[in-house]
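S.K.: Sequence below, structure please.
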Amino acid sequence: MSSEIGDLSKSYLIRELMTLNLPVDDYAIFCSAPLAAHGLIDFSEVSDLDLIARGKAWEEAKRLSKVAHIQTDLKFGEVLGFFKKNDEFDISVYTGWPHGIWDVNELIDTADVVDGIRFVKLENVLKWKKARNRPKDAGQIAILEKHLGVTGV
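M.R.: Numbers count the residues shown, from 1 in each chain. Down below sits the predicted model:
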């Protein structure tokens, strides 16, 4: 699916991502940013970008950053961080996604393309947020369920 939803370049996070020049066919953005890309929330509500990457995009990310950061509660594979501010990275690039149920290649290959950028399908974002079941995600879960017509599932 390819669509044009506003101008994503208005987001400083997307502008930072574009400076990395990662091959667009080898990564997709996960977590909250797909909601913003589809106009379900404002990009000002997105505090960082979480990317899954493979192949040339991962190799380029490794070339650009040697900064790895550790996830203590979940296994995301290798992780690189970019644009660190206040002890947090604006962009994190992962080689995997936890719980063994996620195929990174499938997530990237089936991602929605908005303004030329791949975003993980909203159905998969909902599945992830429900699996995590964090209080901070409750509002986005409700938005996704309503948008996808799966309230209460």
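S.K.: where exactly do the helices run in the chain?
M.R.: For the chain, the helices defined by DSSP state H occupy 12-19, 33-37, 55-64, 104-109, 122-132, 138-148.
S.K.: quick check: mean pLDDT across the shortest one?
M.R.: For helix 33-37, mean pLDDT is 95.
S.K.: before we move on, the earlier item: for the helices of the chain, which one sits closest to D48?
M.R.: helix 12-19 (6.9 Å; CB to CB). Glycine gets a C-beta too; all of them are placed from N, C-alpha and C.
S.K.: which residue is nearest the middle of the protein?
M.R.: Closest to where the C-alpha atoms of the chain average out (CA atoms, centre = their mean) is F30, at 2.1 Å.
S.K.: which ones are touching that residue?
M.R.: F30 makes contacts with 50-52, 97, 107, 120, 124-125, 128, as judged by CB atoms under 8 Å, 6 or more residues apart in numbering.
S.K.: Contacts only, for F43.
M.R.: So F43 contacts 8, 10-11, 13-14, 33, 36 (CB under 8 Å, 6+ apart).
S.K.: Out of those residues, give me the two with the largest separation.
M.R.: K10 and A33 (13.1 Å).
S.K.: ok, these two, which is more surrounded?
M.R.: A33 (29 against 10; other CB atoms under 10 Å).
S.K.: Quick check, that one in contact with S47.
M.R.: No: counting by CB atoms under 8 Å, A33 sits too far from S47 to count as a contact (9.8 Å).
S.K.: pLDDT below threshold where in this structure?
M.R.: 1-7, 66-76, 99-100, 151-153 (pLDDT under 70).
S.K.: Could you list which residues are in contact with L20?
M.R.: 60-61, 64, 82, 91.
S.K.: let's see 6 Å
M.R.: Neighbour list for L20: empty [criterion: CB atoms under 6 Å, 6 or more residues apart in numbering].
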